[in-house]
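Asks: here is my input; please provide its structure:
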Amino acid sequence: MSFELHFYQPADQAPCSLQQIKEVLLASEHVHFVAETTSYLFEYENQITGVCFWFCLAATPYVDEEVRAFSGFRYTGLSFGVNYCRPSYFMYEANPILLRLVNQLQLYVFDPQADAASTVPFQPYSDELVRSWQAGNRRSSLKSPNRVTLSQEKAYSAWRYLYLYPHFKSSLSDQHFIPKLFFVRTKEGVKTSVVFPYPDVEHQLIPDVDYLYVKIPSKKWIFHRTVEGLVPFEQLRCLAPDAFSAVNEPIPHYLLVNPQPVETVLLRCRRLGRSEYTILENGSFIDIDPPFTA
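Replies: Below is the predicted model of the structure:
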């Protein structure tokens, strides 16, 4: 099940062309254009955040029971879609592209999911479409018997790091290891984690996550033995407070600045073994608590 939008223009306005739409949508590096027999497809897929959605332009615009005709407006043949039962950051990432499309081409949006009293084409304000999607996403998610949930605040924080991951890679990768964040399901729910390649890496950026994945040789054993698992990041920071430096910009994160204390306390931390968690794909969970405002 998906959330859909349809785009209209005032009837007295010159029709927007395929080239104009391409110029707006293909400005994003994550959008791929596919020309099909009866339509043109613009597919958005961010390999890092896991976010995906699409725009479809009909070669010959038409109206039917799903695409309504409105007095004073012309249907462009352009529609937008994003699936339900996804975390809210799918629409956070789509919203700037939607607003840019509306503003640059002077389009109006018809939202079939909206209340009957407001089902006319309109130009949305900042987060109006996000809130409409969230309402439908909540209804759809509550019907899912096997839903996996994460709080919106935690999901938003994780998405911000993933979205800014290329920025961190380009600005800090010469001095620090920049890990990709991943999601795990434990008996306590969905948690966030990154790889902590200590002792191979002495300088690392660490986002505000629940766990660090470690894989280190233990010196306590006569025979070689590797200790691995998920270590609570908060516990490690408490046991080795001088090892990490907190940074607030562009988002809250930590830098490993003094690795020496980590070695003495890392093996004292409690760990989750591989049988105690499952790695989740990005976007394979939902966040349906009250809307979180950044």
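
Asks: all helices for the chain, in order.
Replies: 18-25, 89-105, 128-142, 152-163, 165-172, 233-239, 260-265 (DSSP state H).

Asks: tell me which of those is the most buried.
Replies: Per-stretch averages of neighbours, counted by mean count of other C-beta atoms under 10 Å, single out helix 152-163 among the helices of the chain, with a mean of 21. Placement of C-beta: from N, CA and C, glycine included.

Asks: averaged pLDDT, it. What do you get?
Replies: For helix 152-163, mean pLDDT rounds to 94.

Asks: does L230 have beta-bridge partners, and which?
Replies: Under DSSP bridges, the beta-bridge partners of L230 are Y213, L272.

Asks: so it touches K215, yeah?
Replies: No. Counting by C-beta atoms under 8 Å, K215 is not a contact partner of L230; they are 10.8 Å apart.

Asks: neighbour count for these two, which is higher?
Replies: L230 (24 against 13; other C-beta atoms under 10 Å).

Asks: quick one, what contacts that one?
Replies: Taking C-beta atoms under 8 Å, 6 or more residues apart in numbering, we find L230 in contact with V184, T186, K191, S193, Y211, L212, Y213, V214, R271, L272, E276, Y277.

Asks: closest to F285 out of the helices of the chain?
Replies: Of all those, helix 152-163 sits nearest to F285, with 7.7 Å by C-beta to C-beta.

Asks: next, the angle from that closest one to helix 165-172.
Replies: 50 degrees (axes from the mean of the first three to the mean of the last three C-alpha atoms, to 10 degrees).

Asks: what's in contact with helix 152-163?
Replies: Here helix 152-163 makes contact (C-beta under 8 Å, 6+ apart) with 46, 48-50, 87-89, 92-93, 180-181, 183, 190, 192, 207-209, 251-253, 282, 285, 287-292, 294.

Asks: just the buried ones among those, please.
Replies: Burial by neighbour count, judged by 16 or more other C-beta atoms under 10 Å, picks out 46, 48-50, 87-89, 92-93, 181, 183, 190, 192, 207-209, 253, 282, 285, 287-288 from those.

Asks: quick one: F55 from D200, how far?
Replies: Computed as C-beta to C-beta, to the nearest Å, the F55 to D200 distance reads 43 Å.

Asks: that older thread, could you turn the buried ones of the contacts of L230 into a PyMOL selection?
Replies: Applying 16+ other C-beta under 10 Å to those leaves a buried subset, and the PyMOL line that selects it is:
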select buried, resi 184+191+193+211+212+213+214+271+272+277
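
Asks: thank you kindly, that will do.
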